[in-house]
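In: model this:
(one chain, ligands or ions: 1)
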Amino acid sequence: MSSGMKYVQIEPLEDIAIVRINRPEALNAMNSDVIAELSRAIEIVGVDEGIKVVIITGNGEKAFCAGADIAFMVNIDPIKAEKYASAAQSVLNKIEKMEKPVIAAINGYALGGGCELALVCDIRIAVNTAKIGQPEVTIGIPPGWGGTQRLVRIVGPAKAKELIFTGSMITAEEAHEIGLVNKVVKLEDLTSGSAAQVNSGRDQTSSSSDKSKTSSEVAKTLNKKLIEDCILFAKEITKNSINAVKTSKMLINKGMDVDIDAGLRLEIYGWALCFAHADRQKMMSDFLNKGRK
Ligand code: CO8
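Out: This next block holds a predicted model:
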């Protein structure tokens with residue numbers, strides 16, 4: 001699918017679409033153009049009835065997204081900062097509110113706004129070499145694209161505060177342990193030494209060119225496996241009633257912000273409404289007729 005965009009690519013794969021942030025020279029950091037194009041891409045895949053699941057990732061082997069564009073932020077005033085944060089929050093809200101499920105394929109650094117982008121996705125799958133964090137305080141600002149709100153809802157206040165107050169990065173495995181990442185993808189034969197090189201940023205300057213070639217090939221293979229695993233995960237979803245999946249997403253997201261009684265009442269209505277959809281009749285009948293002549 002040619003979107004005519006410079007910083008965001010849309011790659012349809014039957015009923016799954018990959019949305020790829022394409023600014024690897026700045027580790028896919030989101031400047032205003034990236035934000036605007038991401039917003040457009042989300043609108044395109046959001047209304048496309050043929051697309052059931054969306055995968056968001058970053059171009060290259062090094063970064064999912066290194067966050068907001070520090071080169072832009074260094075000289076802006078509070079008025080521009082408010083506009084910048086609002087534009088970014090608006091696209092992140094759009095992703096979170098998209099009816100269809102969204103998977104973040106974390107192929108490397110997911111920092112600051114990059115972590116916040118991953119937080120609005122429903123599922124996060126990361127390569128084992130990925131580094132995740134909210135380093136905003138190390139450059140004089142708090143998280144501003146939802147980090148103080150969404151991270152706490154996913155990992156709880158203690159871990160969220162630890163990550164935000166220290167600004168330190170954690171590994172994909174650590175992120176998995178605290179429930180920030182659903183799944184970690186690794187190559188069985190990837191040694192810890194070469195894994196460290198993949199995201200060290202130093203692989204191209206290694207004293208041994210053979211070693212750096214191997215490292216970059218490993219990173220490419222790992223990235224390919226990540227996308228394949230995300231597609232397999234997406235297919236686990238698309239084999240089900242997408243209407244029921246979308247309703248479940250809405251119930252979970254809306255339910256988290258209301259009291260339990262309101263959430264349960266909402267669940268009854270969402271559940272009952274699915275009885276109007278053809279999927280329910282067909283899938284229940286298929287189940288009952290299975291094995292019966
Ligand atoms: N913005 C702009 N450029 C970036 C960014 C970024 N966030 N991250 C990396 N780059 C650029 C570098 O400047 C460099 O450019 P160049 O080659 O022209 O010098 C290129 O990408 C490669 O980066 P490095 O050379 O630094 O690569 P390393 O492998 O040495 O290091 C790191 C990789 C550790 C990821 C490092 O680049 C880094 O720490 N980046 C910054 C990460 C960060 O702090 N992100 C948070 C930004 S703040 C944010 O997201 C807040 C969101 C809410 C704000 C709301 C306010 C309005």
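In: Verify the contact between Tyr84 and Asn31 for me.
Out: No: with contacts counted by Cβ atoms under 8 Å, Tyr84 stays clear of Asn31, the gap being 9.2 Å. The C-beta positions use only the backbone N, C-alpha and C, and glycine is treated the same way.
In: what touches both of those two?
Out: Phe72 (Cβ atoms under 8 Å, 6 or more residues apart in numbering).
In: Comparing the two, which residue is more hemmed in?
Out: In this view Tyr84 and Asn31 are compared by other Cβ atoms under 10 Å, and Tyr84 has more residues nearby, 22 against 16.
In: Can you point out the buried residues in stretch 239-254?
Out: 241-249, 251 (16 or more other Cβ atoms under 10 Å).
In: Going by distance to Ala63, which of those residues wins?
Out: For the buried residues of stretch 239-254, the closest approach to Ala63 (Cβ to Cβ) belongs to Lys249, at 27.1 Å.
In: For that closest one, identify the helix or strand it belongs to.
Out: Assignment of secondary structure by DSSP states H and E places Lys249 within helix 242-255.
In: One more: Phe64?
Out: Assigned by DSSP H and E, Phe64 falls within strand 63-65.
In: what's the very next helix or strand once past that strand in contact with?
Out: Remark: after strand 63-65, the chain's next helix or strand is helix 70-73, criterion DSSP H and E. For helix 70-73, the surrounding residues in contact (Cβ under 8 Å, 6+ apart) are 26, 29, 31-32, 81, 84, 139, 141.
In: buried subset of those residues?
Out: Of the contacts of helix 70-73, these count as buried by 16+ other Cβ under 10 Å: 26, 29, 31, 84.
In: Which single one of the residues you listed is nearest to Ala175?
Out: Ala175 lies nearest to Ala29 out of the buried ones among the contacts of helix 70-73, by Cβ to Cβ, at 20.0 Å.
In: Is it correct that that closest one is in contact with Gly67?
Out: Yes: contact between Ala29 and Gly67 holds when scored by Cβ under 8 Å: they sit 5.9 Å apart.
In: Need the residues touching each of these two.
Out: Shared contacts of Ala29 and Gly67, counting by Cβ under 8 Å, 6+ apart, come down to 113-114.
In: tell me the contacts of the spatially most central residue of the chain?
Out: Nearest to the mean C-alpha position of the chain, by Cα atoms, centre = their mean, lies Ala104 at 2.3 Å. Residues near Ala104 by Cβ under 8 Å, 6+ apart: 55-57, 64, 110, 117-118, 121, 123-125.
In: Out of these, list just those in strands.
Out: Of the positions in those, 55-57, 64, 110, 123-125 sit in strands, assigned by DSSP state E.
In: State the distance from Ala29 to the ligand.
Out: From Ala29 across to the ligand, the span is 3 Å (Cβ to the nearest ligand atom, to the nearest Å).
In: Return the distance of stretch 67-74 from the chain's centre.
Out: 20 Å (Cα atoms, centre = their mean, to the nearest Å).
In: Only C-alpha atoms, please: export it in PDB.
Out: Taking C-alpha atoms only, stretch 67-74 is exported to PDB below (Å, rounded to 0.1, in the frame of the first residue of the first chain):
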ATOM      1  CA  GLY A  67      10.700   9.200  21.800                       C
ATOM      2  CA  ALA A  68      10.100  12.900  21.200                       C
ATOM      3  CA  ASP A  69      12.500  14.800  19.000                       C
ATOM      4  CA  ILE A  70      15.000  16.300  21.400                       C
ATOM      5  CA  ALA A  71      16.500  18.500  18.600                       C
ATOM      6  CA  PHE A  72      13.100  20.100  18.200                       C
ATOM      7  CA  MET A  73      12.300  20.300  22.000                       C
ATOM      8  CA  VAL A  74      15.600  21.900  23.000                       C
END
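In: per-residue confidence at Ser215?
Out: Looking at Ser215, its pLDDT is 89.
In: Can you tell me the number of residues neighbouring it?
Out: For Ser215, the count of nearby residues is 24 (other Cβ under 10 Å).
In: between the lengthiest helix in the chain and helix 242-255, how many degrees?
Out: Taking DSSP state H as the criterion, the chain has its longest helix at helix 209-238. Compare the direction of helix 209-238 with that of helix 242-255 by axes from the mean of the first three to the mean of the last three Cα atoms, to 10 degrees and you get 100 degrees.
In: Flag every buried residue along helix 209-238.
Out: Buried, per 16+ other Cβ under 10 Å, within helix 209-238: 212, 215-216, 218-219, 222-223, 226-227, 229-231, 233-234, 237-238.
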